[in-house]
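Novice: Got a predicted structure here, sequence first:
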Amino acid sequence: MRKSSLDEKFSLIRELWRPKVVARLNGQEVKLVKLHGMFPWHTHLEADEMFLVWRGTMAVEFRDERVELRAGDFCVVPRGVEHRTTADEEAEVLVFEPANTRNTGDVVDDAFTAPNDVSI
């Protein structure tokens, strides 16, 4: 058992849209990611996904709704629901999802699809 600091871990992240694993538990991963701009529309057919804003603001967009999130806010996207994330300025976000979940879900995008299992 070790203690970790979110501020310290976020300071190690240099790339946008590239989640980094900071913890694993019960088949789930806790990932940190920096967002800025707009992510492609996608769906996770087999996994729910939770976004928790640590710093900044972001939105989770659905085809019929936009959910604005500030530091301390979270949103769970149910499996099978098409969505995308967006941030007008850089935001730091924790993502909770099953291990080995591709960040772009059912979409492969050279600019956005990140490798799995990259830890910091």
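Specialist: Perfect, I can see it now. Numbering: from 1, shown residues only.
Novice: Specify the local secondary structure of Asp7.
Specialist: helix (DSSP: H, G, I helix; E, B strand; the rest coil).
Novice: what about the residue nearest the centre of the chain, helix or strand, and which?
Specialist: The residue lying closest to the centre of the chain (C-alpha atoms, centre = their mean) is Val95, at 4.1 Å. Under the criterion of DSSP states H and E, Val95 resides in strand 84-98.
Novice: partners of that strand, with directions?
Specialist: Within its sheet, strand 84-98 is paired with strand 28-38 (antiparallel), strand 49-55 (antiparallel), strand 57-62 (antiparallel), according to DSSP bridges.
Novice: Would you format the ones you listed as a markdown table with distance to Thr104, mean pLDDT and mean neighbour count included?
Specialist: Where C-beta positions appear, they are placed from N, C-alpha and C, glycine not excepted. Output for the strands paired with strand 84-98, formatted as a markdown table (distance: least, C-beta to C-beta, whole Å; pLDDT from 0 to 100; neighbours: other C-beta atoms under 10 Å):
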| stretch | distance to Thr104 | mean pLDDT | mean neighbour count |
| --- | --- | --- | --- |
| strand 28-38 | 12 | 97 | 19 |
| strand 49-55 | 12 | 98 | 18 |
| strand 57-62 | 15 | 98 | 19 |
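Novice: would you turn those into a markdown table with distance to Glu15?
Specialist: Converted to a markdown table, the strands paired with strand 84-98 look like this (distance: least, C-beta to C-beta, whole Å):
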| stretch | distance to Glu15 |
| --- | --- |
| strand 28-38 | 7 |
| strand 49-55 | 16 |
| strand 57-62 | 17 |
